[in-house]
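Chemist: Everything below, folded, please.
(one chain, ligands or ions: 2)
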Amino acid sequence: MSCTIIVGGFFGDEGKGKIVAHIAFKDKPVIISRGGVGPNAGHTVQVGDQEYSVRMVPSGFVYKDAKLCIGSGVLVDPRVLKYEVDKLGVKGRVFVDKRCGIITEDHIARDKGSDHLSKKIGSTGSGCGPANADRVMRVSPQAKDIPELAEYLMDVPKAIDEELKKDNIVLLEGTQGFGISLYYGTYPFVTSKDTSASQIAADNGVGPTKIDDVVVVFKAYPTRVGEGPFSTEMSFAASDAMGIKEFGTVTHRKRRVGGWDGDMARYSAMINGCTLAAITGIDRVDKACFGITEYSKLTKKARDFLKIAEEDIGCPIALISTGPEVSQIIDIRNELA
Ligand code: IMP
Ligand code: MG
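Modeler: Ligands and ions are numbered 1, 2, ... in the order given. So this is what the prediction gives:
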């Protein structure tokens, strides 16, 4: 096992950041490289009392021994990148593929100023849609054209390939979620790119034959920000009463909450080529599971839920998150191997 992709199985915000951080601490990758759209993503990672949120830097940054890369498929906003590199003190560890697309102030203005994008679709206003449109029109700058990015530039596919040849571990971190994929999601209420595992491989220049595992992260109670269909959505009165209240990392909008969607989980696992599933928020299925780190200590209610979820997904649930902090997790990957 050397190259693993981690992606979101529902509508984003499944807790991929936490899963990536856990796998990083445990598996000790030499490179953690990001795929996905761009700074429309928001990942939250909690280590001890410290909570971090990132939009450009891979969420695996909390594991200090890995190089942090941004693959060529990703859009880079140089201002957001600089802000995060300074705030997190990760200078020297962050590398940007020379071909990454660039988000300019103009892209942000066009995203926020467009009623279609900002109101009908409910975009994050981070400029990603217009930047990807310009990229397709072949009028967008690339990372290598931006002087402030010169110190970060790298050929990310080559760096990854060198490590894989040495049998080192590489994690490819996806962003967003399956339901907002441009190809497979609820079009037109989607983001500006595919978000499935194949796309994350392509974003990083890693051919499909070099991928060993695809971890798809599902939330026990899925959420969605922005507009668009959500078949298992519940009322805010119902989710508030359950104590589930979430706000977007990037836009601070209140997230819509729904029940487990078995059909979506199965379809998502299929297209992602899931080999291992992760479930987050099991403590919302049964509060008694909060913080548990051993499978045998899960309650019957939680195990019953996991059994159904595993049948829906169609592959083993190897990671079960029991709280927001990185160590609040059950990892049974070894027992399944
Ligand atoms: P855009 O990607 O900013 O154009 O937004 C398009 C849609 O995707 C909106 O519904 C956003 O809320 C949603 N979206 C984009 N990125 C994320 C993410 O990282 N998590 C959750 N929703 C996202
Ligand atoms: Mg998020």
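Chemist: and the residue in the stretch 1-150 of the chain that ligand 1 sits nearest to, how many neighbours?
Modeler: Nearest residue of the stretch 1-150 of the chain to ligand 1: residue 12, at 2.8 Å (Cβ to the nearest ligand atom). No exception for glycine: its C-beta is placed from N, CA and C like everyone else's. Residues near residue 12, counting by other Cβ atoms under 10 Å, number 30.
Chemist: Contacts only, for the residue of the stretch 151-300 of the chain found nearest ligand 2.
Modeler: Residue nearest to ligand 2 within the stretch 151-300 of the chain: residue 249 (4.8 Å; Cβ to the ion). Applying Cβ atoms under 8 Å, 6 or more residues apart in numbering to residue 249 gives the contacts 13, 42-44, 53, 55.
Chemist: 7 Å - rerun?
Modeler: Contact analysis of residue 249 by Cβ atoms under 7 Å, 6 or more residues apart in numbering lists 42-44, 53.
Chemist: Also residue 278?
Modeler: Contacts of residue 278 by Cβ under 7 Å, 6+ apart are 19, 215, 217-218, 319, 321.
Chemist: That one: which element?
Modeler: strand 276-280 (DSSP states H and E).
Chemist: can you tell me which helix in the protein is longest?
Modeler: Identified as the longest helix of the chain according to DSSP state H is helix 300-313.
Chemist: Run the contact check for stretch 235-249 versus ligand 1.
Modeler: No - residues of stretch 235-249 are not located near ligand 1 by Cβ under 6 Å from any ligand atom, the shortest gap being 6.9 Å.
Chemist: brain fart, stretch 163-183
Modeler: Yes - remark: stretch 163-183 sits within contact range of ligand 1 at 175-176, 180, by Cβ under 6 Å from any ligand atom.
Chemist: In a helix, residue 194, correct?
Modeler: No - using DSSP: H, G, I helix; E, B strand; the rest coil, the secondary structure at residue 194 is coil, not a helix.
Chemist: In this structure it contacts residue 180, no?
Modeler: No - here residue 194 lies out of contact with residue 180, judged by Cβ atoms under 7 Å, at a distance of 10.0 Å.
Chemist: which one of these two has more residues nearby?
Modeler: residue 180 (28 against 24).
Chemist: Could you pull up the contacting residues of the more buried one?
Modeler: Applying Cβ under 7 Å, 6+ apart, the residues near residue 180 are 11-12, 190-191, 195.
Chemist: re the thing from before, mark which of the contacts of residue 278 are part of helices, please.
Modeler: Those of the contacts of residue 278 lying in helices (DSSP H): residue 19.
Chemist: Pull out the buried members of the contacts of residue 278.
Modeler: 19, 215, 217-218, 319, 321 (16 or more other Cβ atoms under 10 Å).
Chemist: Kindly reformat those residues as TSV containing pLDDT and distance to residue 298.
Modeler: Formatted as TSV, those follow (pLDDT from 0 to 100; distance: Cβ to Cβ, whole Å):
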residue	pLDDT	distance to residue 298
19	98	18
215	98	20
217	98	18
218	98	16
319	98	13
321	98	12
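Chemist: farthest pair in those?
Modeler: Comparing all pairs in these by Cβ to Cβ, the longest separation belongs to 215 and 321, at 12.0 Å.
Chemist: Please spell out which residues along the longest helix of the chain are buried.
Modeler: Counting neighbours by 16+ other Cβ under 10 Å, helix 300-313 gives 302-303, 305-306, 309, 312-313 as buried.
Chemist: Please tabulate those in a markdown table, including the columns distance to residue 244 and pLDDT.
Modeler: Formatted as a markdown table, the buried residues of helix 300-313 follow (distance: Cβ to Cβ, whole Å; pLDDT from 0 to 100):
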| residue | distance to residue 244 | pLDDT |
| --- | --- | --- |
| 302 | 16 | 98 |
| 303 | 21 | 98 |
| 305 | 15 | 98 |
| 306 | 18 | 98 |
| 309 | 17 | 98 |
| 312 | 20 | 98 |
| 313 | 21 | 98 |
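Chemist: In whatever helix or strand residue 5 lives in, which residues are buried?
Modeler: Using DSSP H and E, residue 5 falls within strand 3-8. For strand 3-8, burial by neighbour count (16+ other Cβ under 10 Å) applies to 3-8.
Chemist: Kindly export that strand (C-alpha atoms) in PDB.
Modeler: Taking Å, rounded to 0.1, in the frame of the first residue of the first chain, the C-alpha atoms of strand 3-8 are listed here in PDB:
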ATOM      1  CA  CYS A   3      -0.600   5.600  -2.800                       C
ATOM      2  CA  THR A   4      -4.000   6.300  -1.200                       C
ATOM      3  CA  ILE A   5      -6.700   8.700  -2.400                       C
ATOM      4  CA  ILE A   6      -9.100  10.200   0.200                       C
ATOM      5  CA  VAL A   7     -12.400  11.700  -1.200                       C
ATOM      6  CA  GLY A   8     -15.700  12.800   0.100                       C
END
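Chemist: That strand vs strand 276-280, what angle?
Modeler: Put simply, strand 3-8 runs at 40 degrees to strand 276-280, going by axes from the mean of the first three to the mean of the last three Cα atoms, to 10 degrees.
Chemist: strands paired with strand 3-8, and their directions?
Modeler: strand 170-173 (parallel), strand 213-219 (parallel) (DSSP bridges).
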